[in-house]
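Peer 1: structure, please.
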Amino acid sequence: MKKDDAKKDNRSRTADFDIGPGSITAYSRLSYTMWYALAEFIDNTTQSRENYDHIIDDVLADEGNPLRVEINYNPTKRELTITDNSIGMTYDDLVAALKIARPTKDSKGRSKYGMGMKTAACWIGKNWSVTTCEWDSGEEWTATVSVDDIAKGKVAIPLTSKKVDTDQHYTVIKISNLNRHIQKRTEETIMQYLGSMYRMDIRDKRLIILFNGKQVPLPEELQFATYDTNKEVKEIFDHKINGKRVHGWFGVLHTGSRKFGGFSLFQNNRQIKGYPDAWRPRSVFGGVDEEGSNTLVSQRLTGEIVLDGFEVSHTKDDIVWQDDEEERLEEFLVEKTLNLKRYATTMRKGGGTKNAWDRERLKEIMEEAKIEFSSNEFRDALAEAQLPPMEVIKQANQKQAQALSDKDWLLQLPDVGSGVQVRVALQDRSENDPHLTFVPDKDGITVIINEQHPYYAEIDSQERVKEIIFQYVYDAVAEFRVAKRLGRQEPDAVRKLKDQLLRSKIQRLENLDAERGEKELAKLREP
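Peer 2: A predicted model of the protein is given here:
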């Protein structure tokens with residue numbers, strides 16, 4: 001063959017892009033979590049209802065049954081079984097469903113990629129079977145899959161059938177020889193995620209999910225802050241990003257909780273990412289991407305964002321942004337949530353503060369106050385309190401401060417203003433020692449908290465601990481500054497100064513939030 005002919009021949013050749021059967025073993029290494037893997041089967045169940053004009057809804061209504069998915073895990077046998085009472089599959093449907101990455105007429109909506117059942121089953125275990133019967137067919141088909149056999153090239157999947165009643169309709173997926181165990185503590189997490197992912201179906205009573213016989217619950221009902229008019233602090237929106245619809249709502253929670261803060265992303269009424277692992281873009285929540293900082297905004301700003309037509313990841317646990325979609329969405333979010341973020345930070349007039357100080361709630365608190373402050377123990381303590389001379393108290397306080405070691409210090413602020421230093425220590429002292437000690441000197445004041453005092457033993461909230469420490473610092477600074485300026489302690493003056501210090505906190509939060517929002521907006525608008 002001449003050289004020129006060889007070149008021409010080489011240019012006309014082709015090569016097949018061949019994916020070997022051994023690639024199926026790679027599915028066990030996908031970045032699934034157990035709840036997202038199980039969601040693949042629920043997606044197929046719920047989507048089949050949509051694909052056949054809701055025929056199964058009429059059938060289930062006649063039977064008096066809801067659409068149901070039952071998940072059962074047997075740790076002894078190392079088996080996982082997923083059973084549904086949806087419309088089921090025919091022989092042709094089952095054969096088509098066993099083909100990887102070959103979408104069928106049913107590959108749409110929640111099951112648009114045509115891969116979920118296969119990849120999830122292979123991720124969970126090495127052996128699995130599908131037993132199914134389409135309503136009104138009177139025929140049950142079972143396909144049995146061995147991942148190891150397919151990896152060795154034995155790609156023919158055996159199918160068996162039997163006759164059943166024509167009113168039967170179901171699909172049962174049984175997975176064995178599991179790659180992963182489900183720990184007891186993981187079961188609650190699975191139920192929590194599945195309840196959130198399918199909250200719209202469950203809320204509309206269109207679906208029941210059972211895990212080991214327990215019904216998967218909805219997430220806790222959110223309580224929103226309210227304006228003076230008692231209207232919830234909540235806004236509905238409808239927007240377009242590059243021609244794709246983005247809609248949903250944002251709101252401010254009445255009680256801050258990082259568990260419920262952040263955004264949940266939905267597509268086809270199914271949560272892609274969200275509670276209890278919400279999406280917190282840094283441009284809105286600050287901090288690290290996807291996590292946000294632990295601020296009032298992260299704890300109180302929440303929302304549901306429905307993204308129609310956007311691409312999702314293979315494991316359906318995140319959005320795969322195209323072109324500048326993410327940047328444009330974040331720019332919209334920064335603008336749309338700016339006022340809500342300010343409200344979440346301040347919670348003034350009609351927000352969380354209004355509900356927290358609701359008179360009906362206060363009546364309950366006052367009943368507790370009557371018990372606490374009218375008790376015999378309180379009366380005796382007040383009547384029999386022994387107060388040593390002030391010089392003795394001051395000397396004891398000084399000795400306590402001198403006994404502090406390096407491990408005791410929690411916080412040292414060299415200058416909080418006007419040259420005042422503040423030092424906070426947590427000291428391991430006897431439970432009989434004072435709960436709190438202020439020790440002033442020429443430069444500032446030392447705040448010593450006795451961690452062994454019985455009052456602190458019943459405190460189990462970090463937020464409460466933080467607020468107690470902050471209040472001690474406010475009190476200490478106010479007392480020190482008043483004594484410096486007036487040469488003596490005047491309780492009214494201390495309270496007046498503390499009032500101004502407390503107001504400075506709200507002003508700082510408002511200024512920071514406005515400044516950060518403007519910076520993020522400017523950044524997103526950069527070419």
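Peer 1: how many neighbours does residue 474 have?
Peer 2: 17 (other CB atoms under 10 Å). The C-beta positions use only the backbone N, C-alpha and C, and glycine is treated the same way.
Peer 1: from residue 440, how far out is it?
Peer 2: 15 Å (CB to CB, to the nearest Å).
Peer 1: got it, and residue 276?
Peer 2: From residue 276 over to residue 440 (counting by CB to CB), the distance is 46 Å.
Peer 1: again with residue 68
Peer 2: Residue 68 sits 69 Å away from residue 440, going by CB to CB.
Peer 1: please enumerate the strands of the stretch 351-500 of the chain.
Peer 2: Assignment of strands within the stretch 351-500 of the chain using DSSP state E, counting those that start in this stretch yields the ranges 409-413, 421-427, 436-440, 444-450.
Peer 1: counting contacts, what elements does the last one pack onto?
Peer 2: Under the contact criterion of 3 or more CB pairs under 8 Å, 6 or more residues apart in numbering; DSSP states H and E, strand 444-450 touches helix 390-402, strand 421-427, strand 436-440, helix 462-486.
Peer 1: and the ones you listed: which comes nearest residue 203?
Peer 2: Nearest of the helices and strands packed on strand 444-450 to residue 203, taken as CB to CB: helix 462-486 at 29.6 Å.
Peer 1: quick one, that closest one and strand 421-427 angle?
Peer 2: When axes from the mean of the first three to the mean of the last three CA atoms, to 10 degrees is applied, the directions of helix 462-486 and strand 421-427 differ by 140 degrees.
Peer 1: end to end on stretch 315-334, go ahead and measure it.
Peer 2: 28 Å (CA to CA, to the nearest Å).
Peer 1: tell me which residues in it are buried?
Peer 2: For stretch 315-334, burial by neighbour count (16 or more other CB atoms under 10 Å) applies to 315-319, 325-334.
Peer 1: do stretch 437-455 as well
Peer 2: 437, 439-440, 444-450, 453.
Peer 1: pick out the most distant pair among the residues you listed.
Peer 2: Maximum pairwise distance in the buried residues of stretch 437-455, criterion CB to CB, is 23.6 Å, between 444 and 453.
Peer 1: and the closest residue to residue 210 other than its chain neighbours, how many neighbours?
Peer 2: Closest residue to residue 210 apart from its sequence neighbours, by CB to CB, 6 or more residues apart in numbering: residue 70 at 4.6 Å. Counted with other CB under 10 Å, residues neighbouring residue 70 total 16.
Peer 1: what does the closest residue to residue 91 other than its chain neighbours show for phi and psi?
Peer 2: In space, and not counting its chain neighbours, residue 91 is closest to residue 141: 5.3 Å by CB to CB, 6+ apart. Dihedral pair for residue 141: phi -120, psi 140, per degrees, to the nearest 10.
Peer 1: wait, isn't residue 141 in contact with residue 129?
Peer 2: No: between residue 141 and residue 129 there is no contact under CB atoms under 8 Å: 10.7 Å.
Peer 1: and the helix or strand harbouring residue 335, what's its mean pLDDT?
Peer 2: Assigned by DSSP states H and E, residue 335 belongs to helix 325-346. Helix 325-346 carries an average pLDDT of 90.
Peer 1: and that helix, what does it pack against?
Peer 2: Looks like helix 325-346 contacts strand 234-241, strand 244-252, helix 282-285, helix 296-300, strand 301-307, helix 491-524 (3+ CB pairs under 8 Å, 6+ apart).
Peer 1: nearest to residue 260 among those would be which one?
Peer 2: That would be strand 301-307 among the helices and strands packed on helix 325-346, by CB to CB, at 5.9 Å.
Peer 1: now what about the closest one, what contacts it?
Peer 2: Applying CB atoms under 8 Å, 6 or more residues apart in numbering, the external contacts of strand 301-307 come out as 222, 244-253, 260-267, 269, 272, 274, 278, 284-285, 319, 337, 340-341, 344.
Peer 1: and that strand with strand 234-241, angle?
Peer 2: Strand 301-307 runs at 40 degrees relative to strand 234-241, counting by the same axes, to 10 degrees.
Peer 1: after strand 301-307, next one along is what?
Peer 2: Sequence-wise, the next helix or strand beyond strand 301-307 is strand 311-312, with elements assigned using DSSP H and E.
Peer 1: strand partners (parallel or antiparallel) of that following strand?
Peer 2: According to DSSP bridges, strand 311-312 forms sheet pairs with strand 319-320 (antiparallel).
Peer 1: check contacts around residue 175.
Peer 2: Counted by CB under 8 Å, 6+ apart, residue 175 has contacts 79-82, 121, 124-125, 127-128.
Peer 1: which of the residues you listed lies closest to residue 100?
Peer 2: Among the contacts of residue 175, residue 121 lies closest to residue 100 (CB to CB), at 11.1 Å.
Peer 1: list the buried residues in stretch 239-248.
Peer 2: 241, 246, 248.
Peer 1: reformat these as JSON lines; add pLDDT and distance to residue 100.
Peer 2: Converted to JSON lines, the buried residues of stretch 239-248 look like this (pLDDT from 0 to 100; distance: CB to CB, whole Å):
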{"residue": "241", "pLDDT": "95", "distance to residue 100": "32"}
{"residue": "246", "pLDDT": "97", "distance to residue 100": "32"}
{"residue": "248", "pLDDT": "97", "distance to residue 100": "33"}
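Peer 1: can you lay out these as a markdown table showing distance to residue 496?
Peer 2: Listed next are those as a markdown table, based on distance: CB to CB, whole Å:
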| residue | distance to residue 496 |
| --- | --- |
| 241 | 51 |
| 246 | 49 |
| 248 | 46 |
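Peer 1: show me the helices in the stretch 151-300 of the chain, by range?
Peer 2: 184-197, 199-203, 282-285, 296-300 (DSSP state H, counting those that start in this stretch).
Peer 1: may I see the ones you listed arranged in JSON lines, with distance to residue 501 and mean pLDDT as well?
Peer 2: Listed next are the helices of the stretch 151-300 of the chain as JSON lines, based on distance: least, CB to CB, whole Å; pLDDT from 0 to 100:
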{"stretch": "helix 184-197", "distance to residue 501": "41", "mean pLDDT": "93"}
{"stretch": "helix 199-203", "distance to residue 501": "43", "mean pLDDT": "95"}
{"stretch": "helix 282-285", "distance to residue 501": "27", "mean pLDDT": "88"}
{"stretch": "helix 296-300", "distance to residue 501": "18", "mean pLDDT": "87"}
